[in-house]
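Enquirer: Compute the structure for the input listed below.
(chains A and B)
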Protein chains: 2
Amino acid sequence: MKDNGIQSCYQRIVSNAAVGVSTLGIRGSEVVNEREENKRTSRVVCITSGGTTVPLEQRCVRYIDNFSSGHRGAASTEYFLKAGYSVIFLYRRGTCQPYCRSLPDDPLLECFDITNESNIEVDPAHAEAVKRAVSEHHSAVIEGNLLKLPFTTIFEYLQILQLIALSMRSLGSSTMFYLAAAVSDFYVPWETMTVHKIQSQSGPLDMRLAQVPKMLSVLRKDWAPMAFCISFKLETDTKILLEKADMALTKYKMHMVVANELLTRKEEVIVVSKSGKITVHRDKNQAGADVESPLIKLIVDRHSEYIKDMGS
Amino acid sequence: MKDNGIQSCYQRIVSNAAVGVSTLGIRGSEVVNEREENKRTSRVVCITSGGTTVPLEQRCVRYIDNFSSGHRGAASTEYFLKAGYSVIFLYRRGTCQPYCRSLPDDPLLECFDITNESNIEVDPAHAEAVKRAVSEHHSAVIEGNLLKLPFTTIFEYLQILQLIALSMRSLGSSTMFYLAAAVSDFYVPWETMTVHKIQSQSGPLDMRLAQVPKMLSVLRKDWAPMAFCISFKLETDTKILLEKADMALTKYKMHMVVANELLTRKEEVIVVSKSGKITVHRDKNQAGADVESPLIKLIVDRHSEYIKDMGS
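Expert: As a prediction, the model looks like this:
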């Protein structure tokens, strides 16, 4: 897990992230004391969302990025909040935000207008969606149930995730990691990285990328040994998808692995766990229904069983 | 300029872009007829902004991206509109938009709130900036002076740029290309690109990237031989910056090259042209002043001289 690139980012992010996490950490401890009144509110899930980047130059102009709109993470955040969880939303800057899924890309410029009296007015076609986004997002944040922490590079992502895991550790089995972010598999180690922008006039570019150390094992073993852990497997080739999901379950000791295929990922996912495989579909008879609704129901039930098992 | 990747994107984008460009094309011809009344309004500038991506897989999960916030392109758009130009803003999805530079990243969630009467209200601290963004952006768009066309991959970028150039061709020397986008230098040709997501378990990844064919020569020679063309050169190493800017001026026959260094690019730029080098600074004595204000003034003057020379 050691890398100069990771170390060099640490100072920059640690102050912001630590302040944020400790805010929710306090909230977490408070609700633990209220546990007898309402078991559900003591639960905290860390949802990771969007893709990480790996810089190709130290003074970075170019980087490799992993495609992810962040739609899955944003939708899941809404359903976990609805189910009574506190959510730490660790998201890639610029990706989809909770309660904003039905809005256009650039809501300020596309949903608002200026009236004759030079007042700002919401376009009636978007009024309901805008109101919902602003009010539900705002409520979740001010009630202390939603903490949002942004990342861009894989170095920021790994460091903040570690901080979150360590700060949530005292909450034991009530915590969950829902790792929907598309994390880079390959990177250029800091010591082999060119300092300046790579020049283009000298013909084709040959690059050797190293494998990113697998964080899942470290998370399960050292950072958060009591947490309920769910990872995601995205493939474009259905033939190898389930095989790879099974492998992640055994190798990284995940409690559940959500297998999704690039083209059908909004319609169905396959949830792989020790007790077998369950295919979860979007309810096609219900307008606007999404696959995250039944998926989070299933996961919350399994988390309840897990908490019970760990407590007994 | 031929590439299967470029071809395969063509069908997808051509309909949208063609409709959009022809809308502004008509506007362009209209104002050309009004030229005697007001010379300035007949001018059209195509501003490119943000970075292009190159996919690493055909069913793309990973891609190489060029860092660019799009701040330069967005700021320049405002100043060109102020100078009476019509602007075609060819921008990377998700990057900085004109009139939105002083707003937070996620203006809807950060600038608005719900009042007790469940009305949406703007946070007083951001009220002026929000009002300005909505009203000035809206005016520019409905008056037909601002056409916004988004891109993500380099294939989309090159195709749309070609469409714009061809549709603006009849306007001759009144047109300008202000190429501030960070265009990829390297890509994976479609025919050598892996179909599925690259697997990570088999050790380090070796990649060979080909050079992207240089579009600047083709633009100057074939697509828009009469247009006033400005390209940008960004380097992190000041030692080679001016040398490379000079090279771009001669090799690609640009009328001006704006040289900027990654760390100081918001403070000063060096404008390189046949008549010499001019350093343009931000006015440090004026609050909120930016380097684009004097830069666009200089460019507009040079464009005026160019139009005069071409007409005589």
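Enquirer: Of all the residues in stretch A:49-69, which ones are buried?
Expert: Of the residues in stretch A:49-69, those buried by neighbour count under the rule 16 or more other C-beta atoms under 10 Å in any protein chain shown are A:49-57, A:59-68. (Each C-beta comes from the backbone N, C-alpha and C, glycine too.)
Enquirer: Pull it out as CSV, backbone CA atoms only.
Expert: Output for stretch A:49-69, consisting of C-alpha atoms alone and laid out as CSV, is shown next (Å, rounded to 0.1, in the frame of the first residue of the first chain):
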residue,chain,number,x,y,z
SER,A,49,-18.9,6.5,-6.5
GLY,A,50,-17.4,7.5,-9.8
GLY,A,51,-14.0,6.6,-11.4
THR,A,52,-10.5,7.3,-10.1
THR,A,53,-7.7,8.8,-12.2
VAL,A,54,-4.0,7.9,-12.4
PRO,A,55,-1.7,10.7,-13.5
LEU,A,56,0.9,10.0,-16.2
GLU,A,57,3.1,13.0,-15.4
GLN,A,58,4.2,14.5,-12.1
ARG,A,59,3.2,18.0,-13.3
CYS,A,60,0.1,16.4,-14.6
VAL,A,61,-1.4,17.2,-17.9
ARG,A,62,-2.5,13.7,-18.9
TYR,A,63,-4.1,10.9,-16.9
ILE,A,64,-5.9,7.6,-17.4
ASP,A,65,-9.5,7.7,-16.2
ASN,A,66,-12.0,5.0,-15.5
PHE,A,67,-15.5,5.7,-17.0
SER,A,68,-18.2,6.0,-14.4
SER,A,69,-21.1,8.4,-14.3
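Enquirer: So which residues on the stretch 151-300 of chain A come close to chain B?
Expert: A:182, A:185-186, A:195-200, A:203-211, A:234-237, A:240, A:262-263 (C-beta under 8 Å from any C-beta of the partner chain).
Enquirer: Where helices are concerned, which of the residues you listed count?
Expert: Of those, the ones assigned to helices by DSSP state H are A:Ile240.
Enquirer: Buried by neighbour count, from the residues of the stretch 151-300 of chain A next to chain B: which ones?
Expert: A:182, A:185-186, A:197, A:200, A:205, A:207, A:209-210, A:234-236, A:262.
Enquirer: now the strands for the stretch 1-150 of chain A?
Expert: Counting by DSSP state E, counting those that start in this stretch, the stretch 1-150 of chain A has these strands, from start to end: A:44-49, A:53-55, A:62-66, A:86-92, A:112-114, A:120-122, A:146-151.
Enquirer: which regions of the stretch 201-312 of chain A sit below the pLDDT cut-off?
Expert: Within the stretch 201-312 of chain A, the stretches falling below the threshold (pLDDT under 70) are A:201, A:312.
Enquirer: what ranges do the strands span in it?
Expert: With DSSP E, counting those that start in this stretch as the criterion, the stretch 201-312 of chain A has strands spanning A:205-211, A:228-235, A:256-261, A:268-273, A:276-281.
Enquirer: so which of the ones you listed comes closest to A:Asp246?
Expert: When the strands of the stretch 201-312 of chain A are compared for distance to A:Asp246 using C-beta to C-beta, the nearest one is strand A:268-273, at 6.3 Å.
Enquirer: what angle sits between the closest one and strand A:276-281?
Expert: Compare the direction of strand A:268-273 with that of strand A:276-281 by axes from the mean of the first three to the mean of the last three C-alpha atoms, to 10 degrees and you get 160 degrees.
Enquirer: Name the surrounding residues that touch strand A:268-273.
Expert: A:241-242, A:245-246, A:249, A:255-260, A:277-282, A:291, A:295, A:298-299, A:302 (C-beta atoms under 8 Å, 6 or more residues apart in numbering or on different chains).
Enquirer: got the CA positions of it in CSV?
Expert: These are the backbone C-alpha positions of strand A:268-273, laid out as CSV (Å, rounded to 0.1, in the frame of the first residue of the first chain):
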residue,chain,number,x,y,z
GLU,A,268,-30.2,-5.9,-13.8
VAL,A,269,-27.3,-7.0,-11.6
ILE,A,270,-26.3,-10.3,-10.1
VAL,A,271,-25.6,-10.4,-6.4
VAL,A,272,-23.0,-13.0,-5.5
SER,A,273,-22.6,-14.1,-1.9
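Enquirer: Let me have the strands of the stretch 201-312 of chain A in a markdown table, adding distance to A:Ile142 as columns.
Expert: Rendered in a markdown table, the data for the strands of the stretch 201-312 of chain A read as follows (distance: least, C-beta to C-beta, whole Å):
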| stretch | distance to A:Ile142 |
| --- | --- |
| strand A:205-211 | 42 |
| strand A:228-235 | 27 |
| strand A:256-261 | 31 |
| strand A:268-273 | 32 |
| strand A:276-281 | 32 |
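Enquirer: So for A:Leu147, which of those sits nearest?
Expert: Evaluated over the strands of the stretch 201-312 of chain A, closeness to A:Leu147 peaks at strand A:228-235, with 18.7 Å, by C-beta to C-beta.
Enquirer: now for that closest one, which elements pack on it?
Expert: With contacts taken as 3 or more C-beta pairs under 8 Å, 6 or more residues apart in numbering or on different chains; DSSP states H and E, strand A:228-235 sits against strand A:175-179, helix A:238-251, strand A:256-261, helix A:292-311.
Enquirer: Neighbouring strands - and their directions - for the shortest one?
Expert: This points to strand A:175-179. strand A:44-49 (parallel), strand A:228-235 (parallel) (DSSP bridges).
Enquirer: At the geometric centre of chain A, which residue do we find?
Expert: Compute the mean C-alpha point of chain A, and by C-alpha atoms, centre = their mean the closest residue is A:Thr48, 1.4 Å away.
Enquirer: Run through the bridge partners of that residue.
Expert: A:Thr48 forms beta bridges with A:Leu90, A:Leu179, as assigned by DSSP bridges.
Enquirer: quick one: it from A:Phe151, how far?
Expert: In this structure, A:Thr48 lies at 9 Å from A:Phe151, with C-beta to C-beta, to the nearest Å as the measure.
Enquirer: Can you report how many residues neighbour A:Asp246?
Expert: Residues contacting A:Asp246 under the criterion other C-beta atoms under 10 Å in any protein chain shown number 15.
Enquirer: how long is stretch A:230-239 end to end?
Expert: According to C-alpha to C-alpha, to the nearest Å, stretch A:230-239 extends 22 Å from its N-terminal end residue to its C-terminal end residue.
Enquirer: Check the offset of it from the chain's centre.
Expert: Counting by C-alpha atoms, centre = their mean, to the nearest Å, stretch A:230-239 is centred 16 Å from the centre of its parent chain.
Enquirer: can you tell me the average pLDDT over stretch A:76-92?
Expert: Per-region confidence: stretch A:76-92 scores 96 on mean pLDDT.
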